[in-house]
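# Need coordinates for the following:
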Amino acid sequence: MGSIRRTYMTQNNFNNSIETGIIKKYEDLTISDDFMFGIIMRQAKYCKPFLETVLDIKIKHIEYPKVQEVINLDVKAKSIRLDVYVDDGENTVYNIEMQNISKPDQPKRMRYYQDLIDLDLIDKGQSYKELKNNIIIFVCTFDPFKLGRHYYSFENICVEDHGLRLNDGTKKIILNTKGIIDDITINLKTLLDFIDGSAPLDSFTRELSDAVEDARHSKKWRVQYMNLQLAYLDKLDEGKEIGEKIGKEIGEKIGKEIGEKIGRENTQKENAKRMIAAKKIPLEDISFYTGLALTEVETLKKELSAQ
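The predicted model follows:
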């Protein structure tokens, strides 16, 4: 077999539900939910045509390392990693992630994943000269740039001369299921529309739809999803308790500070009233000695005169 492209698919289990405050029932999950997306893409018969459609290339073969056959459902794990080997004559690493929530830090998130993959490869003994091409793909159910495109790709180019590329082997691709511009193939458009909730219109999206339905009836995945759900709820409860404790401590501190401030202000006013009552100290001096504004001292004098 010739040189290969190695692809990582990073997926954040359950983050969409947690971050929006809504935890979906397992039977309501669709392919746009990262948990379900991971289940489907874990099967080569769906992952291979998915990559071919997104990248517009033909892939001879993909395989998953045996050590990663089971999706990592550790609550502490930040992501799931799925290795896909693509034999097309080049050495390229892909990272694919489903995104349902728009965040301002997404560009740095892509950079973070790119760096992680490079470090992972170097840890395995590769020289930096042997680093594979590194491409990050985000499938977004929103338009992060509000330009109407389905397909945004970024490479490192010279700011002064856009025709000059750095050729460092890195690239970032953002797919937008809400695109309105005619900028992609009909097959990719059909796929993105399906991810966005439209009915399947070709053989591949119909296969994906059937795969999602089959997964919904899987006791194995339902149990694992429920376990993950319960684990995250425990984490949320723990976070709530910590938040309430911190809030109480902050509230007590703020209350003390406010009380002390009010106390100081009352003392200043009482001292000012005594000085005013003595009728021997100029108002300007009372303001200076008490720290009160001259207008406040004048108001206090009027109040005393009215009594």
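
# which stretches of the stretch 51-200 of the chain form strands?
Using DSSP state E, counting those that start in this stretch, the strands of the stretch 51-200 of the chain run over 80-86, 92-99, 133-140, 151-154, 170-176.

# Asn187: neighbouring residues, count only.
Around Asn187 there are 16 other residues, counting by other C-beta atoms under 10 Å. Every C-beta, even on glycine, is put in place using the N, C-alpha and C of the backbone.

# just the helices in the stretch 201-307 of the chain please.
Along the stretch 201-307 of the chain, counting by DSSP state H, counting those that start in this stretch, helices occupy 203-216, 219-278, 283-290, 294-306.

# Need the winner for burial among the strands of the stretch 51-200 of the chain.
Comparing those by mean neighbour count (mean count of other C-beta atoms under 10 Å), strand 92-99 ranks first with a mean of 24.

# By mean pLDDT, point me to the weakest helix or strand of this protein.
strand 80-86 (a mean of 41; mean pLDDT, DSSP states H and E).

# Quick check: which ranges of the protein have low pLDDT?
1-23, 63-90, 121, 123-126, 232-245, 248, 255-256, 259-265, 289 (pLDDT under 70).

# Closest to the centroid, which residue in it?
Lys103 (5.7 Å; C-alpha atoms, centre = their mean).

# what's near enough to touch it?
The contact partners of Lys103, by C-beta atoms under 8 Å, 6 or more residues apart in numbering, come to Arg109.

# how close does it get to Phe138?
Noted for Lys103: a distance of 11 Å to Phe138, by C-beta to C-beta, to the nearest Å.

# same check, this time on Ser287
Separation of Ser287 from Phe138 (C-beta to C-beta) stands at 62 Å.

# Ile136: what's it in contact with?
Ile136 touches Tyr94, Asn95, Glu97, Met110, Tyr113, Gln114, Lys171, Lys172, Ile173, counting by C-beta under 8 Å, 6+ apart.

# from what I can see the first one touches Ile135, true?
Yes. When contacts are counted by C-beta atoms under 8 Å, Tyr94 is listed as touching Ile135 (5.0 Å).

# What is the neighbour count of Gly247?
Gly247 - counted by other C-beta under 10 Å - has 10 other residues nearby.

# and the gap between it and Glu257?
Relative to Glu257, and taking C-beta to C-beta, Gly247 is found at 16 Å.

# Also Gln43?
Gln43 is 59 Å from Glu257, by C-beta to C-beta.

# same check, this time on Asp115
From Asp115 to Glu257 the distance is 43 Å (C-beta to C-beta).

# Also Phe142?
42 Å.

# Show me which of these two is the more surrounded one.
Phe142 (13 against 10).

# Apart from its chain neighbours, what residue comes closest to that one?
Ser102 (5.0 Å; C-beta to C-beta, 6 or more residues apart in numbering).
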